[in-house]
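Engineer: Model the following, please.
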Amino acid sequence: MSLNATFSPTNSTPPNTTWDFSPIYSLCTIFLTVIGNGFILFLYIRSSKLHGPFAVYVINLLIANMLCSLIQTPLDLYVRLIRHHSFPALFCSFHVYFNYALTTTIPVAHVLITLNRVWAIAAPLSYRRHHSYKMAAGICVGMWVFLNAYIVPCVVIDGVYYRTVFDNVHCTANQDWSYWVQGCRAMFYIGTEVIIVAVYPYFLYKWRQRCRIRGKITVVQSASESVKNAGEVSEQTAASRASARSFLVLTLLTANVVVCWTPMNVYFLSNRYIVNGEFYKFAKLIKLTFSAVDPLLFAIAIKDLREACRDLFQCSRL
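Structural biologist: A predicted model of the protein is given here:
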């Protein structure tokens, strides 16, 4: 998430930012995010038990978390901490681009995981039969293409026609042409949380329904039943069990979204009327924690991931 704040146009230089708690905490979250997401990514690549179409969405999120922490957050810290009368226009354009192109990938990647888990729960047989690596990869690549198709032209227009000396001092998008920024916030920050929270009750309903169905299905079929029916029941049983395991994944990720995204989205909705610098700092720090927590939640929710981690350390002892 961006660390940019709103500054008064009357200031000729950036505010005097020191190494207080906020930048130190940012550096800690960078370290934890890169190490945690990188380790989980390594396990997904190494362990064949974790391979599957759903893994593509998880890897997509892990990469988005790492890129944001490796590129966007350090750039933002540099802008806040290094004192310049004016940054180069090209540097500011790259900063504005990464500020929105990378931070928007994380919430959209979470939406993809949410919709994928809802499909797995609501229609497990359809999910197992039709979902594939090709579909998952196409959806994730399409996410990156769509976000860049929206953001790149806006950043170019902002830099060529609207950027002022004041904007280059603070390396921000021009406020006189901020409709695209408001669109980013509405669609990719606030809108994504609304989608994730709104579909969770339906997900929970379908999960309970699948649990009841699974309880009624017997694995052993009577001799009078046809092989075809036995195969269908066996497939339905496996699909029900697989979809039931999605409950913990989506529940933890949804809770993380609500806790870490809500303060910043409240700030976005209210800053036109009430500008609270202390609340912004709080929301900023909570949002920075989000990407560092994601890998821990995956490790808690996915048994095969924990087993892959255990196997890795057991092999290292030999």
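
Engineer: Which positions within stretch 193-204 qualify as buried?
Structural biologist: Glu193, Ile195, Ile196, Val199, Tyr200, Phe203 (16 or more other Cβ atoms under 10 Å). All C-beta spots, glycine's among them, are computed from the backbone N, C-alpha and C.

Engineer: Quickly find the element holding the fifth one.
Structural biologist: By that I understand Tyr200. helix 191-216 (DSSP states H and E).

Engineer: And that helix, how far out from the chain middle?
Structural biologist: The chain centre lies 20 Å from the centre of helix 191-216; the measure is Cα atoms, centre = their mean, to the nearest Å.

Engineer: Could you tell me which residues make contact with the residue nearest the centre of the chain?
Structural biologist: Centroid check for the chain by Cα atoms, centre = their mean gives Ile106 as the closest residue, at 2.8 Å. Going by Cβ atoms under 8 Å, 6 or more residues apart in numbering, Ile106 touches Leu61, Ala64, Asn65, Cys68, Phe290, Ser291.

Engineer: Next, count neighbours for the second one.
Structural biologist: If I follow you right, that is Ala64. Neighbourhood size, Ala64 [other Cβ atoms under 10 Å]: 25.

Engineer: Likewise for the fifth one?
Structural biologist: Counted with other Cβ under 10 Å, the burial measure for Phe290 works out to 22 neighbours.

Engineer: wait, it sits on Pro263?
Structural biologist: No: using Cβ atoms under 8 Å, Phe290 is not in contact with Pro263; the gap is 10.8 Å.

Engineer: residues shared between the contacts of these two?
Structural biologist: In terms of Cβ under 8 Å, 6+ apart, Phe290 and Pro263 are not both contacted by any residue.

Engineer: Without its sequence neighbours, what residue ends up closest to Ser69?
Structural biologist: Thr33 (4.1 Å; Cβ to Cβ, 6 or more residues apart in numbering).

Engineer: Pull the number of nearby residues for the residue nearest to Thr104 when sequence neighbours are not counted.
Structural biologist: The shortest distance from Thr104 to any non-neighbouring residue, by Cβ to Cβ, 6+ apart, is to Phe188 (4.0 Å). Neighbourhood size, Phe188 [other Cβ under 10 Å]: 21.

Engineer: Does Phe188 touch Val108 like I think?
Structural biologist: Yes: taking Cβ under 8 Å as the definition, Phe188 is a contact partner of Val108 at 6.0 Å.

Engineer: anything in contact with each of these two?
Structural biologist: Leu147.

Engineer: roughly how far apart are the residue nearest to Ser69 and Phe94?
Structural biologist: Distance, Thr33 to Phe94, by Cβ to Cβ, to the nearest Å: 21 Å.

Engineer: between those two, which one's more packed in?
Structural biologist: Thr33 (25 against 17).

Engineer: ok, back up a step: can you check the pLDDT for the residue nearest to Thr104?
Structural biologist: Among the per-residue scores, Phe188 shows a pLDDT of 91.

Engineer: Run a quick neighbour tally on the residue lying closest to Phe290 once chain neighbours are set aside.
Structural biologist: Using Cβ to Cβ, 6+ apart and skipping residues adjacent in sequence, the residue nearest Phe290 is Cys260, 3.8 Å away. Residues contacting Cys260 under the criterion other Cβ under 10 Å number 22.
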